[in-house]
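Asks: how would this look folded up:
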Amino acid sequence: MKAINNFTDLTEYFKMYGEPHTNHYYEMHKEFMEKIRVFFKRNIISINEGRHKKDKIKIHLHEINNFDLNASALKLDERAYAVIIRSGVFEIIHNEIGQNFEIFDEITKSYYEDLGETMGLYYMFIYVYLIGHELGHIMRGHHFIIDSSEISESVSIFDINNNKNVHPIYDRYYLELDADLYAVSFLIKFIHELKYKNLIAEHMEDKDNAMYNPIEALIKLAITSIYIIHNLFAKKHSYNSEYPEPHTRTSFMVDHLKRNLGKVIDEKEEFVTQICESQMKNIYELQKEHYLSAFKISSFDEFNKNTFDIMKKHLEFYGKFEEYNFKV
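Replies: Residues are numbered from 1 along each chain as shown. A predicted model of the protein is given here:
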């Protein structure tokens, strides 16, 4: 789709890729989308706090009728953007978890009475990640390294602007890792909110109707959600593409989560690290046992292979962004 005056025409975008989604086939879908929109709006308000009126930005969240496992970040004008989620994401996640319930029951059975409660939180975490990733493309200023805001809707996952005349520091591999890093920060905010609500729930008179999520369960669900979505990506990932390998992204995100989550939720780093690492190992072993992993790796050790080197290279790339002041 051609951009108009370097910006995306949202009406034309909807005509080409799907109109806004309004019919929710599952009540759970409707309920969690409402919660996601509230969380999203709260964070956009937070982003704009302290900014001068002329510097405030608008970021719209849309879910469209499209059955790809995909999302986009669109630049609408100088101060307005849109995050687009496909409605098919819900169906894909629903099928993945529903068909492989024994794995997720094994992971979460000590915390929840039924899989329905677990699935609701998986949806929330996965959508927070998807939206956080697209916000990362926006907030980190990735649109500005491209001469045009032309959107390329290829089969690749999370395609943003794609143009042959790109900025000298353009590197899709590290752009995607950069957006993933922002997504982890978004996930950490979500976990922090859930923990805060848990503290309120502890003091509610009607404790029977309070949904209480132990922090250990939240961390495990967050880790598993990162794994689920990247395992789904791996099923369609082209290893000749410019995108990072799904297992590399998983390792990169989990490493960032375990290093920073404890500082935000006031838990010891050793406690968080132990949960993250044991959960990843547990997930890998269960996936391998049931032949469900789509990752092109042969052992759990390969999850962590070269993560440090990748992190170091990303930080060097991040430094270039700082030099160019690429932020919204």
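Asks: which element is the residue found closest to Leu181 once you drop the neighbours it is linked to in the chain on?
Replies: Among residues not flanking Leu181 along the chain, His256 sits closest, at 5.9 Å (Cβ to Cβ, 6 or more residues apart in numbering). C-beta: built from backbone N, CA, C; applies to glycine. Applying DSSP states H and E as the criterion places His256 in helix 246-265.
Asks: which elements pack onto the following helix or strand past that helix?
Replies: Proceeding N to C from helix 246-265, the next assigned helix or strand is helix 269-289, under DSSP H and E. With contacts defined as 3 or more Cβ pairs under 8 Å, 6 or more residues apart in numbering; DSSP states H and E, helix 269-289 has these neighbours: helix 101-108, helix 215-234, helix 246-265.
Asks: between these, which one is nearest to Arg42?
Replies: helix 246-265 (15.8 Å; Cβ to Cβ).
Asks: in the closest one, which residues are buried?
Replies: Counting neighbours by 16 or more other Cβ atoms under 10 Å, one finds that the buried residues in helix 246-265 are 246-258, 260-262, 265.
Asks: same question, stretch 27-47
Replies: Quick answer for stretch 27-47 (16+ other Cβ under 10 Å): 29, 32-33, 36, 39-40, 43-44, 47.
Asks: for that stretch, what is the average pLDDT?
Replies: Stretch 27-47 comes out with an average pLDDT of 91.
Asks: C-alpha coordinates for that stretch, CSV please?
Replies: Output of stretch 27-47 as CSV, limited to C-alpha atoms (Å, rounded to 0.1, in the frame of the first residue of the first chain):
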residue,chain,number,x,y,z
GLU,A,27,-17.1,-13.6,25.7
MET,A,28,-13.5,-14.1,27.1
HIS,A,29,-12.1,-12.3,24.1
LYS,A,30,-14.4,-9.3,24.6
GLU,A,31,-13.6,-9.1,28.3
PHE,A,32,-9.8,-9.3,28.0
MET,A,33,-9.7,-6.9,25.0
GLU,A,34,-11.6,-4.3,27.2
LYS,A,35,-8.9,-4.8,29.9
ILE,A,36,-6.1,-4.5,27.4
ARG,A,37,-7.6,-1.3,26.0
VAL,A,38,-7.7,0.2,29.5
PHE,A,39,-4.1,-0.8,30.2
PHE,A,40,-3.0,0.6,26.8
LYS,A,41,-4.8,3.9,27.4
ARG,A,42,-3.3,4.2,30.8
ASN,A,43,0.2,3.8,29.4
ILE,A,44,-0.4,6.3,26.6
ILE,A,45,-1.5,8.8,29.2
SER,A,46,1.6,8.0,31.2
ILE,A,47,3.8,8.5,28.1
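Asks: who's in contact with it?
Replies: 24, 57-59, 61, 63, 83, 90, 116, 119-120, 123-124, 127-128, 131, 135, 139, 186, 189-190, 193 (Cβ atoms under 8 Å, 6 or more residues apart in numbering).
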